[in-house]
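S.K.: show me the folded form of this:
(chains A and B)
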Amino acid sequence: MTTLEQVRKRAEADAKTYGYYLTPQPDLLQGFLEGLKINEDRYGYPLCPCRLTSGKFEYDRDIICPCDYRDPDVAQYGACYCRLYINKAVYESKNLPEVPERRPLEKQARAYAPQVAAQLAPTQGAQEKPPTPAPATQQTATQQPEVKKKLWYCKQCGYVVYREDPPYVCPICKAKREMFAEINSRIEFNG
Amino acid sequence: MQFSKVSGKKYNHKVTVYALSTCVWCKLTKQFLNENDVEYEYIDVDLCNEEDKQKVRQTITSKGGSLSYPTTIVDGKVVITGFRKDKLKEALEI
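M.R.: I've put the predicted structure just below:
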């Protein structure tokens, strides 16, 4: 089992790598680290303590801390969604900014009954039917929020990643998401 | 859904907090209400079953809230996303 000290060391090391700071208030920091530890004990990976999770790795992939949204959030607001990771300016000002949720709604919806999550276009106030037990296999196929993984490569440094979306920032050369392109590969079996 | 009730001397508003058990800002919201002696109910959504999660989502989105936590709903009308002391004070008149 992961200890709180390991969670702290990991966060500190990660902040250092990226030139970030951890939130300066000791009680807040302690709370974040405890939340991460609880989630790691519960699900097997350090999920964001500030977000609702599905508990299914494939659906939660983007909100494993440090989440996909941290880098763009720190760049734009000076802090991540939780405000665990902050930049130097925020660290020095000691004023934590409000950070809105960047995670797309369709991904958030996966945390709520995955069977119907696919239907959740943001229809506000719509009366919702309880998740009916899937009648035919064909229907379920369209209803399941599918995680379609693809190969992406960074046009700047060649880094290749196999996941649903390309990263916001290339972890190797820090190129922006726009520098990523999909790799179309096809395997043919003959005989 | 099983809400936990916290009693307080200020009970002129119906306050519901949708929270996560792991979330610091949710804890601070509860703490703030405790300190101000406000009566409220809360539910830790991450500990709910699938059915209740659905209900929570329905409730929050039907009131125009976003699915962020904590979400505090005052008198079924005012939706406060995040731990916002100023907004809580205003809505609760404290």
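
S.K.: near chain A, which residues of chain B?
M.R.: For chain B, the residues in contact with chain A (C-beta under 8 Å from any C-beta of the partner chain) are B:20-25, B:27, B:45-46, B:50-51, B:53-54, B:56-58, B:61-62, B:64, B:66-69, B:82. For every residue, glycine as well, the C-beta is placed using N, CA and C.

S.K.: export the top helix by length along chain A as CSV, just CAs?
M.R.: Using DSSP state H, we find that the single longest helix of chain A is helix A:26-43. Only the C-alpha atoms of helix A:26-43 are listed here, as CSV (Å, rounded to 0.1, in the frame of the first residue of the first chain):
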residue,chain,number,x,y,z
PRO,A,26,0.0,22.9,4.8
ASP,A,27,-3.5,21.8,5.7
LEU,A,28,-4.8,22.0,2.1
LEU,A,29,-1.7,20.2,0.8
GLN,A,30,-2.2,17.5,3.4
GLY,A,31,-5.9,17.1,2.4
PHE,A,32,-5.0,16.7,-1.3
LEU,A,33,-2.4,14.1,-0.6
GLU,A,34,-4.7,12.2,1.7
GLY,A,35,-7.4,12.3,-0.9
LEU,A,36,-5.0,10.9,-3.5
LYS,A,37,-3.9,8.2,-1.2
ILE,A,38,-7.5,7.2,-0.4
ASN,A,39,-8.3,7.0,-4.1
GLU,A,40,-5.1,5.0,-4.8
ASP,A,41,-6.1,2.5,-2.1
ARG,A,42,-9.6,2.4,-3.3
TYR,A,43,-9.1,2.1,-7.1
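
S.K.: which strands and helices sit next to it?
M.R.: Under the contact definition 3 or more C-beta pairs under 8 Å, 6 or more residues apart in numbering or on different chains; DSSP states H and E, helix A:26-43 sits against helix A:4-18, helix B:24-35.

S.K.: which parts of chain B are strands?
M.R.: Applying DSSP state E to chain B gives strands spanning B:4-6, B:15-19, B:40-44, B:71-74, B:78-81.
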